[in-house]
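J.: this one's sequence-less:
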């Protein structure tokens, strides 16, 4: 999967790269600090997010600069997460750190599948979507309980872990926008947006198997993005799965990088 130079994709907005970088970090901060016991530390060279989840990708050391390619930093991060008895990943975006994969491979870190990083400038294209799907924002503790149950089922995560990661307190933070999609009053799809600094990150978009290829995920995306644009948002970013890549392309997202995540050798 090839990418255009990052600067070519964002030339239409001079400071967009800086805005995007700040947004991604700020969205992660909101998430970690919304979770009970979660912590977030940012330096010039790296970011460490801890949620206490038993799923490695929710505890991460995000590398920002070449100076973060440092054995002492990796050891310190491993000690931090190991002390708390949770797995973690070391992550980075390839356009920022093209040499990081080689650095981590040399230290026996184990790669997870890469995630295409995609960005949307301006509103999404209006695509056909499922006409009967009712998309509702999650606004009550009961609804977030339904959301968590469906996320657990669709992503194969432990129910207690999902409830820990997406607590009712997120309903009080205007940055979080959780959505449920219903067919005949049965929840069949989920999606989440985190809107900070005029950009929305899209997370957790998924549908029941029997509803795929029917425009259900498209309907979730269109509602999520329309609500964000109504609130002054002018761009969106997400890290896609290969399966969803073509849908996001049709909506107008373009590829700008690959997010790479690595598990430490001990895991």
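T.: Structure's in. What do you need? If you're wondering where the values come from, they're calculated on a predicted model, not measured in any experiment. Numbering: from 1, shown residues only.

J.: tell me the contacts of residue 194?
T.: 27, 30-31, 175-177, 200-201, 203 (Cβ atoms under 8 Å, 6 or more residues apart in numbering). All C-beta spots, glycine's among them, are computed from the backbone N, C-alpha and C.

J.: buried ones in stretch 145-155?
T.: Neighbour counts over stretch 145-155 (16 or more other Cβ atoms under 10 Å) mark 147-148, 150-152, 154 as buried.

J.: surely residue 150 meets residue 192?
T.: No: using Cβ atoms under 8 Å as the test, residue 150 is too far from residue 192 to be in contact (11.5 Å).

J.: circling back: closest to residue 67 among the contacts of residue 194?
T.: Checking the contacts of residue 194 against residue 67 by Cβ to Cβ gives residue 27 as the nearest, at 23.3 Å.

J.: Show me where the stretch 151-267 of the chain has its strands.
T.: For the stretch 151-267 of the chain, the strands defined by DSSP state E, counting those that start in this stretch cover 176-183, 186-196, 199-207, 235-239, 254-263.

J.: So, low pLDDT: which residues of the chain?
T.: Residues of the chain that meet the criterion pLDDT under 70 lie in 1-14, 267.

J.: And the residue positioned nearest the centre of it, how close does it get to residue 155?
T.: The residue lying closest to the centre of the chain (Cα atoms, centre = their mean) is residue 203, at 4.4 Å. Plainly put, residue 203 is 11 Å away from residue 155 if you go by Cβ to Cβ, to the nearest Å.

J.: For residue 174, grab the count of nearby residues.
T.: 9 (other Cβ atoms under 10 Å).

J.: make that residue 104, sorry
T.: 23.

J.: where along the stretch 101-250 of the chain do the helices fall?
T.: Per DSSP state H, counting those that start in this stretch, the stretch 101-250 of the chain carries helices over the ranges 141-155, 159-165, 216-230, 245-251.

J.: any idea which of those is most buried?
T.: Stretch with highest mean neighbour count among the helices of the stretch 101-250 of the chain: helix 216-230 (a mean of 21; mean count of other Cβ atoms under 10 Å).
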